[in-house]
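Engineer: next come a sequence and a model predicted from it.
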Amino acid sequence: MAKTTDWNQEIIEEFRANGGRVGGNFAGAPILLLHTWGAKTGKERVNPMMYLDLDGDRYVFASKAGAGTNPDWYHNLVANPDVTVEVGTETYQARVVIVPRQSRDRIYAEQASRYPQFANYAAKTKRTIPVVELLRKVET
């Protein structure tokens, strides 16, 4: 677990130091930082992940690289659907919605066509990888 946490922390630091851009395996990919709150602990968690902007909407994918279980951040946002999103140099509040199956399949297919590793993730697991829409909250 510590290894993943260290790896995530390095990406988070690089993201923030470079206006939302990172190198390595994610060079040129659309990356955001998703802030969730622990379902049990209530502690803030920050996870870097790829996203997809499609038809004016923004999505993230609970792929966990094709593991047999959903990532912890997914369980956290199901319990606490209010999140904070960092994209580039912008930070905003959002509410998440789990995308229903019919729309999910179309959106996931689009992500997999742009980034073939997502097709590999789906092929590696028996679970349906959830697609999560990030709905920006309107400031009042």
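Structural biologist: Cool, the structure landed.
Engineer: gap between the host helix or strand of Glu86 and the chain center?
Structural biologist: Secondary-structure assignment from DSSP states H and E places Glu86 in strand 82-87. Strand 82-87 sits 10 Å away from the centroid of its parent chain (C-alpha atoms, centre = their mean, to the nearest Å).
Engineer: okay, buried residues for that strand please.
Structural biologist: Val83, Thr84, Val85, Glu86, Val87 (16 or more other C-beta atoms under 10 Å). C-betas here are computed from N, CA, C, even on glycine.
Engineer: test my guess that Asp53 contacts Pro30.
Structural biologist: Yes - assessed by C-beta atoms under 8 Å, Asp53 is found in contact with Pro30 at 7.1 Å.
Engineer: direction included, what does the strand holding Glu86 pair against?
Structural biologist: strand 31-37 (antiparallel), strand 90-98 (antiparallel) (DSSP bridges).
Engineer: got the contact list for the first one?
Structural biologist: When you say that, I think you mean strand 31-37. Outside strand 31-37, the residues within contact range by C-beta atoms under 8 Å, 6 or more residues apart in numbering are 11-12, 15-16, 20-22, 43-51, 60, 73, 76-77, 80, 82-87, 134.
Engineer: and if you look at the longest one?
Structural biologist: Surrounding strand 90-98, the residues in contact under the criterion C-beta under 8 Å, 6+ apart are 77-78, 81-85, 130-137.
Engineer: I'd like to know which elements the lengthiest helix in the chain is packed against.
Structural biologist: Ranked by number of residues, the top helix in the chain under DSSP state H is helix 2-17. The elements that helix 2-17 packs onto, with contact taken as 3 or more C-beta pairs under 8 Å, 6 or more residues apart in numbering; DSSP states H and E, are strand 31-37, strand 44-54.
Engineer: most tightly packed of those strands?
Structural biologist: Across those, the average number of neighbours (mean count of other C-beta atoms under 10 Å) peaks for strand 31-37, which reaches a mean of 20.
Engineer: that strand: how far from the chain's middle?
Structural biologist: On C-alpha atoms, centre = their mean, the centre of strand 31-37 falls 7 Å from that of its chain.
Engineer: for stretch 72-88, same thing?
Structural biologist: On C-alpha atoms, centre = their mean, the centre of stretch 72-88 falls 8 Å from that of its chain.
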